[in-house]
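Enquirer: Sequence and predicted structure below; questions after.
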Amino acid sequence: MSGKGSVQDADIIILGGGLVGLTLAVALDAHGVSSIVIDPAAPADVLAKSFDGRASAVASASHRMLDAIGIGERLKGQGCPIAAIRVSDGLAPRALSFDPDPESGPLGVMYENRLLRRTLHEAAAAAENVTMLMPAKAASVERDGTSVRVSLEDGRIFSAALLVGAEGRNSPTRAAAGINVARWSYHHHAIIAILGHERPHDGVAHEIFYPSGPFALLPMLDDAEGHRSAIVWTVAEAHGPAMLGLPDRAFLAEAEKRMGGMLGELRSVSPRSSYPLGFHHTARITDTRLALVGDAAHGIHPIAGQGLNLGFRDVAALAEVLVEGARLGLDLGDAQLLARYERWRALDSFVVAATTDALTRLFGLPGKAPRAIRRFGLDMVSRIPPLQRRFMTEARGESGKLPKLLQGLEV
């Protein structure tokens, strides 16, 4: 490790050691591209059980990337496959069902975020081409036509050809670059918890839409006490604190009503947590020797569980652009390489963001007429196989021009 005043070089500097930033570092390492990951959080803090109680649906295409870079093997047997998805407007008896052909594999796999984070930390720590600096904070960042230089608060200096901003929704790197962001709040909070239940979930994920917000029920692996599912319960902003403060018995009773009792008696497995729901999308995802990935570039409603998968798609595209550039001997901060990444990701991320926003607004409209239109739409999709296949392709993360990693191939 370089001392104060000396400069350590790498191909890439990644600001942000969350799920997306670390996945990028491990993906690049698998192809011989070196990175330095800088994050102000201490590993002990972000790996603590209380840090993030969420669970994520890793779409099948995203999982192929994890398999290709060695993370899938580390996760083997620790996630719950999603065998099918049911979408309904309230508790209407008719639901739109996505049931893939068993030979095509599950639509995705549910993992606890804490498990994903711990696995990525372990993989990055063991990687030959990854240097993890946690906790560490950048005091200054300089980008020019020749390189990127990051000076830490402790005086250490690092240099690379490219800077990647992966710090999340409030990315200071994005702000410093002057990149405009379209953003708004949905004035809702997502209540997060893992619940135990009497009946098996059979690997089925449910998205139940109410005018007050969607209620997602996501299958998790059973534990020693029985069956488990994660919930993402959207409530009005003003009701968030009250929902967190409800006694367990009252909270479980309300949750059971939302589920229509489909899983039987419920029990608490994890503490409840919440976070505000909003939308943001950047005008661009690159700048001079800078690329944005994950929530630094786009933040969407969790209505379709695509937030993390959008970040993984960024990783797959950027990794392919950089690895191919390195093989050709190109400067990894070259404007043409970054323009290719921009073109590849801009349309896909915008379409997904706009679609989730439109669905959030459509299913939030109260009244009989909007409800009738929604149920008619769901019924039409269920009756038209090509439409169903299209939706399943989107759920798997397999639409558009797929980077090689999302196809399960090395670059």
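Expert: Nice, I can see it.
Enquirer: pLDDT below threshold where in this protein?
Expert: Along the chain, segments meeting pLDDT under 70 span 1-5, 304, 365, 369-371, 373-392, 395.
Enquirer: If we use 90, what do you get?
Expert: Low-confidence segments of the chain (pLDDT under 90): 1-7, 46-54, 87-105, 145, 209-214, 224, 300-307, 346-401.
Enquirer: Which residue ranges of the stretch 1-150 of the chain form helices?
Expert: Under the criterion DSSP state H, counting those that start in this stretch, helices of the stretch 1-150 of the chain are mapped to 19-29, 43-46, 60-68, 71-75, 113-126.
Enquirer: One more: the stretch 251-400 of the chain?
Expert: Using DSSP H, counting those that start in this stretch, helices in the stretch 251-400 of the chain cover 307-327, 335-363, 368-383, 385-396.
Enquirer: Redo the ones you listed as JSON lines? Include mean neighbour count and distance to residue 50.
Expert: Where C-beta positions appear, they are placed from N, C-alpha and C, glycine not excepted. Output for the helices of the stretch 251-400 of the chain, formatted as JSON lines (neighbours: other Cβ atoms under 10 Å; distance: least, Cβ to Cβ, whole Å):
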{"stretch": "helix 307-327", "mean neighbour count": "25", "distance to residue 50": "20"}
{"stretch": "helix 335-363", "mean neighbour count": "17", "distance to residue 50": "28"}
{"stretch": "helix 368-383", "mean neighbour count": "14", "distance to residue 50": "38"}
{"stretch": "helix 385-396", "mean neighbour count": "15", "distance to residue 50": "31"}
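Enquirer: any idea how far residue 411 lies from residue 131?
Expert: Between residue 411 and residue 131 the computed distance is 21 Å (Cβ to Cβ, to the nearest Å).
Enquirer: nope, residue 174 is what I was after
Expert: Noted for residue 174: a distance of 23 Å to residue 131, by Cβ to Cβ.
Enquirer: quick one: which of these two has more around it?
Expert: For residue 174 versus residue 131, neighbours defined as other Cβ atoms under 10 Å are more numerous around residue 174 (24 against 18).
Enquirer: Need the three-state assignment for the more buried one.
Expert: Using DSSP: H, G, I helix; E, B strand; the rest coil, the structure places residue 174 in helix.
Enquirer: I'd say it and residue 298 touch.
Expert: No - in this structure, residue 174 is not within contact of residue 298 by Cβ atoms under 8 Å, at 10.9 Å.
Enquirer: Identify the contacts common to these two.
Expert: residue 282 (Cβ atoms under 8 Å, 6 or more residues apart in numbering).
Enquirer: Tell me which of the helices of the stretch 251-400 of the chain sits nearest to residue 100.
Expert: Judged by Cβ to Cβ, the one of the helices of the stretch 251-400 of the chain that comes nearest to residue 100 is helix 385-396, at 6.0 Å.
Enquirer: List the contacts of the nearest residue to residue 337 once chain neighbours are set aside.
Expert: Nearest residue to residue 337, sequence neighbours excluded (Cβ to Cβ, 6 or more residues apart in numbering): residue 325, at 4.7 Å. Residues near residue 325 by Cβ under 8 Å, 6+ apart: 331, 332, 334, 337.
Enquirer: From residue 338, how far out is residue 325?
Expert: Residue 325 is 10 Å from residue 338, by Cβ to Cβ.
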